[in-house]
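1. What follows is a predicted protein model with its sequence.
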Amino acid sequence: MTTTTGPVAGARELALAHYAARAVLERVLARHGMTFQEQVALRAAVSADAPQTSDVLVTRVQHSLKADPTDVRSTLGELLTKRLLVEEGPHIRPTDAGRELMAAVGAETAPLSARIWSGMSESDLATVGRVLALVTERADAELRELA
């Protein structure tokens, strides 16, 4: 007989964990006048090895959030208006202010994340990583079928 120390993972548990962690991040982002989608888009620009075209950034954010491309383009426009991104010809790159904001958000969320993830064994984290990768892969496949 197998015993468990918690609920068996399923869609509800995944959703509850996602929304709890996202709520923590959104509290930090709100203090900086930033939305979750803006943070994802700005992070995509900041983490890129080179300036990206708006189409590439839209695709990256759309892949991450499964968001409507029109909404993602609007978000990029907001980041341009806030001068966190700047256009250079066909490319968009983060400004110094955009990079500083991402660094500040990262510094603020790092200790929160450390506390959230603390005490979990490497084995448990590896298992969770494999399961979440498989859930993502399967959900992406279902989305492609629904399209």
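-> Here it is on my side, so go on.

2. so how far is Leu76 from Arg138?
-> 29 Å (Cβ to Cβ, to the nearest Å). All C-beta spots, glycine's among them, are computed from the backbone N, C-alpha and C.

3. Which residue of the two possesses the greater neighbour count?
-> Leu76 (22 against 10; other Cβ atoms under 10 Å).

4. Any chance of the backbone angles for the more buried one?
-> phi -60, psi -40 (degrees, to the nearest 10).

5. now the strands for this protein?
-> 52-53, 85-88, 91-94 (DSSP state E).

6. Off-centre distance for the first one?
-> Distance of strand 52-53 from the chain centroid (Cα atoms, centre = their mean, to the nearest Å) equals 19 Å.

7. which outside residues touch it?
-> By Cβ atoms under 8 Å, 6 or more residues apart in numbering, the residues outside strand 52-53 that reach it are 44-45, 60, 90-93.

8. do the second one as well
-> For strand 85-88, the external contacting residues (Cβ under 8 Å, 6+ apart) are 42, 45, 51, 76, 79-80, 92-95, 98.

9. any chance of those in a markdown table, with pLDDT and distance to Thr70 too?
-> A markdown table is the format used below for those (pLDDT from 0 to 100; distance: Cβ to Cβ, whole Å):
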| residue | pLDDT | distance to Thr70 |
| --- | --- | --- |
| Leu42 | 98 | 18 |
| Ala45 | 97 | 19 |
| Pro51 | 91 | 22 |
| Leu76 | 97 | 11 |
| Leu79 | 98 | 15 |
| Leu80 | 98 | 16 |
| Ile92 | 96 | 17 |
| Arg93 | 96 | 22 |
| Pro94 | 97 | 22 |
| Thr95 | 97 | 24 |
| Gly98 | 98 | 22 |
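
10. which of those are buried?
-> Using 16 or more other Cβ atoms under 10 Å as the burial test, the contacts of strand 85-88 include 42, 45, 51, 76, 79, 92-95, 98 as buried.

11. returning to what we had before: can you tell me which of the strands of the chain is most buried?
-> strand 91-94 (a mean of 20; mean count of other Cβ atoms under 10 Å).

12. Provide the strand pairings for it, with the direction of each partner.
-> Sheet pairing here is set by DSSP bridges, and for strand 91-94 it gives strand 52-53 (antiparallel), strand 85-88 (antiparallel).
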